[in-house]
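In: I'll drop the sequence and a predicted model, then ask my questions.
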Amino acid sequence: MKAKLRFALYLGCTVQTEQYAYELSVREVLPRLGVELVPLEGASCCGHPLRNVSTPLWLYLAARNLALAGGQGVDVLTLCNGCHLSLCEAQRLLSDDGELRERVCSALEVEGLKYTPDVRVYHLLEVLHDIVGVGTIKSAVSRPLAGLRFACHYGCHLLRPSEVGRPDDPENPAKLERLVEALGAEAVDYPERLDCCGAELAMNYSDAALTMAGMKLRAVQRRGVDGLVVVCPFCMRMLDAKQDAAKTVLSDQSIEVPVFYYTQLLGLAMGVPKEKLGLELNLSPVDKVLSRMC
């Protein structure tokens with residue numbers, strides 16, 4: 001095993017208040033892969049919900065979280081696509097706009113915090129694929145998921161806008177598929193792979209959001225896969241927790257797609273008991289897949 005890696009685990013809002021299975025599975029599998037998760041005490045929202053209301057407030061919240069990590073001398077590991085994009089975009093804007101940077105830094109000084117631009121922000125996908133490495137993950141697998149076929153869903157904010165510097169190719173991403181294949185499963189390609197889950201519309205246009213989620217699920221089901229793999233809590237909300245609502249909006253009760261966090265499948269392949277991975281919190285029909293694995 002490589003020397004221990006250390007990251008400040010930034011959970012954001014949705015993981016801590018709703019998508020508990022993501023945190024549970026991450027805390028089980030990453031330490032087993034040599035990754036130390038450092039608590040980010042005092043962390044706040046990434047600021048994403050406020051960016052269209054007040055740019056300075058968004059930047060303050062984002063910079064505050066980065067300053068907390070910088071104070072501990074560690075880089076940031078995010079689990080949410082939106083949080084990752086928000087923190088990365090904030091870094092870029094603070095680098096480009098000296099007036100805004102000075103304003104934000106002055107506000108942070110009131111708390112005794114100092115913003116430094118050298119803190120790196122990583123998404124879980126990057127840490128697993130680029131830093132831990134596919135080879136290390138393969139070596140950690142004790143119960144290969146052979147015979148299972150999964151479709152992958154990246155989510156929009158993980159890939160776009162590309163000028164910010166995203167974790168994978170915006171047009172032809174491949175890292176999640178490689179990680180799925182490292183578990184011994186088959187990653188199935190499908191034309192709708194980059195389609196949105198609808199989460200960004202959910203607050204104001206619920207039916208439109210659920211229609212998008214349902215169409216995505218229907219497309220996945222037509223490929224005959226065993227399940228769908230995600231790496232974002234908002235995508236999980238739409239495709240897992242809201243699956244029944246999406247079926248109702250589409251008037252299609254035939255949709256039955258098991259949805260998993262990648263870290264849940266990783267844990268199962270590593271021999272972690274399913275009770276420790278939060279699988280009982282998945283609301284989609286995952287039991288029919290688990291019965292073949294456990």
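Out: Yes, it's here. Because the structure is a prediction, the values reported are computed rather than measured.

In: and residue 283, what is it in contact with?
Out: 240-241, 243-244 (CB atoms under 8 Å, 6 or more residues apart in numbering). C-beta: built from backbone N, CA, C; applies to glycine.

In: ditto for residue 249
Out: 207, 210-211, 214.

In: now which of the residues you listed would you call buried?
Out: 210-211, 214 (16 or more other CB atoms under 10 Å).

In: CA atoms only for the helix or strand containing residue 104 - export them in PDB, please.
Out: Residue 104 belongs to helix 98-109 when elements are defined using DSSP states H and E. Provided in PDB are the C-alpha atoms of helix 98-109 (Å, rounded to 0.1, in the frame of the first residue of the first chain):
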ATOM      1  CA  GLY A  98      -8.100  41.200  -6.800                       C
ATOM      2  CA  GLU A  99     -10.800  43.400  -5.500                       C
ATOM      3  CA  LEU A 100     -13.100  40.600  -4.700                       C
ATOM      4  CA  ARG A 101     -10.300  38.600  -3.200                       C
ATOM      5  CA  GLU A 102      -9.300  41.500  -0.900                       C
ATOM      6  CA  ARG A 103     -12.900  41.800   0.200                       C
ATOM      7  CA  VAL A 104     -13.300  38.100   1.000                       C
ATOM      8  CA  CYS A 105     -10.000  37.900   2.800                       C
ATOM      9  CA  SER A 106     -10.900  40.900   5.000                       C
ATOM     10  CA  ALA A 107     -14.100  39.100   6.000                       C
ATOM     11  CA  LEU A 108     -12.200  35.900   6.800                       C
ATOM     12  CA  GLU A 109      -9.800  37.800   9.000                       C
END
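
In: avg pLDDT for the helix or strand just after it?
Out: Using DSSP H and E, the helix or strand that follows helix 98-109 towards the C-terminus is strand 121-123. Mean per-residue pLDDT for strand 121-123: 98.
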